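1. Sequence first, predicted model second:
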Amino acid sequence: LNVRYSAARSKTGAPAFNSLQSRVGVKQRPYIQLADENGNPTPMDIVYSKSRLDTLGAGLLLDYGYYPLTDWRQDYVSTNRNAYNLTARINYNPVRDLTMSLLVNAQRESNEQLNMHDRNSFYARDLINVYSIVNRANQTVTRPIPVGGILFANNANVSTNSLRGVISYVKRIRTIHLFKLDATFDVIRTIRKSQGDFSFGYSEDPLYHTVVDPHYTIPQLPGAPYLSLFQQLGMGEATKKKMLESRSLSGNTTLSYILKDRYFFYGGLRREGANILGVKTNDRWKPIWSGGVNWHIHREKFFKLTWISELKLSGSVGITGNVDPSRTSKPVGTVFSSTPFPYLSVSNPPNPNLRWEKNTTYNWGLAFGLLKNRISGNLRFYLERARDLYGDVLMDYTQSPLAKMKVNQSAINNRGWELEINTQNIVGEFNWSTRILGSRNVTKVIKNLYQLSKSNPQFILQDGQSFDNNSLLLPGQAVYSVSAFRSAGLNSEGNIQ
C-alpha cells in the first residue's frame, strides 16, 4: 500500500519594473517616481492623460490613478492545489513459475485559482468607471458594476481510477529453452471537471457580492471598446461548466522464447478500446501487435573472431494507435444563457466515422562491440507509416455549423537511420571516452485532404512569415518544408505571373 499527498499554494507578487506601460499614447519617461518624499505611493496615468482626467466624468468617477508601488497587493492571483495518489498491490504465487498480481490506483487532484481584483485595485476602478453612466445635469452617477472587488474563481478537478491485472509465467527447460508469458488487463476511467464564476461588488469580510447583467452593461467612456461586459471579460468561455469523461480498456499479451541464449523471439498482442470514438464498435477498439527477432551471432560456435566481443542482429515490426481525448464522435456544444433567449453554440460537430490514428513501424538493427567492448555501437534503420492522422477539413455549411472539422484525413511516411559509436580511449585513474552520433530522417506527406477556402486566400500567409500548421502540405512534400512558386514577378495589374 502506497499513499502520497501533496499540497501547494502560491500567490503572485509585484510585477517587473519594465512591465509598467502607458495606454495613453504618451512615451513613458525612463524614470518614474513611485513614491513621494514621505514614502506615500504616487499614481501613474496609464489610460487617460492628466489633462483629460480633469474633465472626464465631471469629477464623479473613481480615482483613475494607477499606483504601481501598491497595486499588486490589491490585484493578485492565488492558486491552491491538492493531490493524492493511492496505490494498492496484491501479489499471489499459486504454483511455481506463475505469478499473479492486482494493482489498484486512485488519483485525485483539485486546483483552485482566484483572480482577485480588490476594490482599491486599478483593474476594478477602471472597469467600474468604464461602464458608469454620468448625468452631468444633476451631477449623479449610476454604476451598473457596483463599487467593490471583482473576483474570478476557477475550479478544476481531475479524478482517475485504474485497475491492472498481471499474470506472468516463466519456464526454463534445462539450459536450452526459456519461455516467458505475460498477460495484462487495464481498466482506466478519468473524469475532468472545471467551472469558472465571476463575482462583482465582492467583499471578503463581510462576505458579500451582487449580481450584474453582463449583456446590457455597455461602456460609456469615450475611447473604450464598445463591448458588453460579457464580451469584455470573455464570460462565455470563462464560466463554462465543463466535464470530460474518458474510459479505456486494454488487454495485452506478450510471449517470448529464447533458444540456447542465442536466438530471441518475441511477439505481443494488445487490444485497446476508447469510449469517445465512432459509433461502430470496430472504431472504438484498436488491435495493436508487435513482433521481433534477435540473433546473438557472437555466441555461435562457428564465430571465431576474438576481437569482436559482441555482434547482434535484430528486426521488429509493430502497430500502435493514438487517440485524441478532446475529440469525440458525438456533438459537443455550449449553452449560453443570454437574454432574451438562451442559445447553443456547437464547438464539435458529430463525426461517427472518427477512428484511431494508426502507426506501423519497422526496425532493423546491428549492434557490435570490439576489443572487449572498448569500441561499441549500433546502427538502426527504421520506417514508419502513419495513417488516419487527425486534421481539419472544410465542411459543407448545409451539414455543419462550423467551417472546419477534425477528421482522419492525412498520412505520413517517415524513414531514416541512426548510428551511435562509443569508444573508451583511456581507462584507469584518468578516463577518456567519446561518443559519435549520426542520423538521417526523411518525412513525406502521402495524403492530406485539407482544402484551401477560395474566399480566404490570405490564409496561405496570414502573417507574411509562416504557413499555418503545415495545412498547405501536398503529397510528396516533406513535413516542415518550405516551398515557393516559380514566378516571373508581377504583371501590370500587380498579380503574380
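-> Looks like it arrived, so ask away.
2. so residue 352, which of the three states?
-> Following DSSP: H, G, I helix; E, B strand; the rest coil, residue 352 is assigned to coil.
3. got the phi/psi numbers for it?
-> Per-residue torsions, residue 352: phi -70, psi -10 (degrees, to the nearest 10).
4. Pull up the gap between it and residue 331, please.
-> Separation of residue 352 from residue 331 (C-beta to C-beta, to the nearest Å) stands at 10 Å. In short, each C-beta sits where N, CA and C put it, glycine included.
5. so what's residue 204 up against?
-> Residue 204 makes contacts with residue 149, as judged by C-beta atoms under 8 Å, 6 or more residues apart in numbering.
6. does it have beta-bridge partners, and which?
-> residue 207 (DSSP bridges).
7. before we move on, what about residue 257?
-> Beta-bridge pairing of residue 257 under DSSP bridges involves residue 179, residue 265.
8. And the pLDDT at it?
-> Looking at residue 257, its pLDDT is 95.
9. Let me see the contact set for it.
-> Residue 257 is in contact with 177-180, 264-266, counting by C-beta under 8 Å, 6+ apart.
10. Mind putting those into TSV with neighbour count, pLDDT and distance to residue 359?
-> Putting the contacts of residue 257 into TSV (neighbours: other C-beta atoms under 10 Å; pLDDT from 0 to 100; distance: C-beta to C-beta, whole Å) gives the following:
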residue	neighbour count	pLDDT	distance to residue 359
177	12	92	33
178	17	93	31
179	14	94	29
180	16	94	26
264	17	95	24
265	13	96	23
266	16	94	19
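11. residues making contact with stretch 299-311?
-> 260-262, 296-298, 366-373, 376.
12. Need the buried ones from those selected in ChimeraX.
-> To isolate the buried ones among the contacts of stretch 299-311 in ChimeraX, judged by 16 or more other C-beta atoms under 10 Å, type:
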select :296,297,298,367,368,369,370,376
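13. Tell me which two of the contacts of stretch 299-311 sit farthest apart.
-> Using C-beta to C-beta, the pair of the contacts of stretch 299-311 lying farthest apart is 260 and 371, separated by 25.7 Å.
14. for the longest helix along the chain, the distance to its chain's centre please.
-> The helix that spans the most residues within the chain, counting by DSSP state H, is helix 122-130. On the basis of C-alpha atoms, centre = their mean, to the nearest Å, helix 122-130 sits 34 Å off its chain's mean C-alpha point.
15. Can you tell me which helices and strands it packs against?
-> strand 75-92, strand 98-117, strand 149-173 (3 or more C-beta pairs under 8 Å, 6 or more residues apart in numbering; DSSP states H and E).
16. rerun at 10 Å
-> helix 71-74, strand 75-92, strand 98-117, strand 149-173, strand 177-204, helix 229-232 (3 or more C-beta pairs under 10 Å, 6 or more residues apart in numbering; DSSP states H and E).
17. Check which element follows it along the chain.
-> Per DSSP states H and E, the first helix or strand lying C-terminal to helix 122-130 is strand 133-135.
18. For that next one, which outside residues touch it?
-> 56-61, 140-144, 218, 220-221 (C-beta atoms under 10 Å, 6 or more residues apart in numbering).
19. For that strand, the averaged confidence score.
-> Mean pLDDT, strand 133-135: 84.
20. Next secondary structure after it?
-> Downstream of strand 133-135, the next assigned helix or strand under DSSP H and E is strand 140-142.
21. picking that back up, pipe the contacts of residue 257 into CSV and attach distance to residue 34 per row.
-> Formatted as CSV, the contacts of residue 257 follow (distance: C-beta to C-beta, whole Å):
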residue, distance to residue 34
177, 80
178, 75
179, 76
180, 71
264, 71
265, 74
266, 69
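22. Please enumerate the helices of the stretch 251-400 of the chain.
-> 281-284 (DSSP state H, counting those that start in this stretch).
23. what about it, any weak spots by pLDDT?
-> Low-confidence segments of the stretch 251-400 of the chain, defined by pLDDT under 70: 273-285, 325-329, 336-340, 396-400.
24. all strands of it, in order?
-> With DSSP state E, counting those that start in this stretch as the criterion, the stretch 251-400 of the chain has strands at 263-274, 285-296, 308-322, 332-336, 343-348, 357-370, 375-394.
25. burial count for residue 145?
-> 20 (other C-beta atoms under 10 Å).
26. Hmm, it is touching residue 119, no?
-> No - counting by C-beta atoms under 10 Å, residue 145 stays clear of residue 119, with 11.1 Å between them.
27. shared neighbours, the two?
-> By C-beta under 10 Å, 6+ apart, residue 145 and residue 119 have these common neighbours: 128, 201.
28. neighbours of the closest residue to residue 385 other than its chain neighbours, just the number please.
-> Ranked by C-beta to C-beta, 6 or more residues apart in numbering and with sequence neighbours excluded, the top spatial neighbour of residue 385 is residue 360, at 4.6 Å. Look at residue 360: counted by other C-beta under 10 Å, it has 13 neighbours.
29. Just give the closest residue to residue 475, not the sequence neighbours.
-> Computed as C-beta to C-beta, 6+ apart, the closest residue to residue 475 that is not its neighbour in sequence is residue 445, at 5.5 Å.
30. can you dump the C-alpha coordinates of the helix or strand residue 406 falls within into PDB?
-> Assigned by DSSP H and E, residue 406 falls within strand 404-426. Only the C-alpha atoms of strand 404-426 are listed here, as PDB (Å, rounded to 0.1, in the frame of the first residue of the first chain):
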ATOM      1  CA  LYS A 404     -13.900  23.100 -40.300                       C
ATOM      2  CA  MET A 405     -14.000  19.700 -38.600                       C
ATOM      3  CA  LYS A 406     -11.300  17.400 -37.300                       C
ATOM      4  CA  VAL A 407     -11.300  14.100 -39.200                       C
ATOM      5  CA  ASN A 408      -8.900  11.200 -40.000                       C
ATOM      6  CA  GLN A 409      -7.600  12.800 -43.100                       C
ATOM      7  CA  SER A 410      -3.800  12.500 -43.600                       C
ATOM      8  CA  ALA A 411      -1.000  10.000 -44.000                       C
ATOM      9  CA  ILE A 412       2.800  10.400 -43.500                       C
ATOM     10  CA  ASN A 413       5.800   8.200 -44.100                       C
ATOM     11  CA  ASN A 414       8.900   8.600 -42.000                       C
ATOM     12  CA  ARG A 415      12.200   6.800 -42.700                       C
ATOM     13  CA  GLY A 416      15.800   7.100 -41.800                       C
ATOM     14  CA  TRP A 417      18.800   5.700 -39.900                       C
ATOM     15  CA  GLU A 418      20.700   6.300 -36.700                       C
ATOM     16  CA  LEU A 419      24.300   5.500 -35.900                       C
ATOM     17  CA  GLU A 420      26.000   5.500 -32.500                       C
ATOM     18  CA  ILE A 421      29.600   4.700 -31.800                       C
ATOM     19  CA  ASN A 422      31.100   4.700 -28.300                       C
ATOM     20  CA  THR A 423      34.900   4.400 -27.500                       C
ATOM     21  CA  GLN A 424      36.800   4.000 -24.300                       C
ATOM     22  CA  ASN A 425      40.100   5.600 -25.200                       C
ATOM     23  CA  ILE A 426      41.700   5.600 -21.700                       C
END
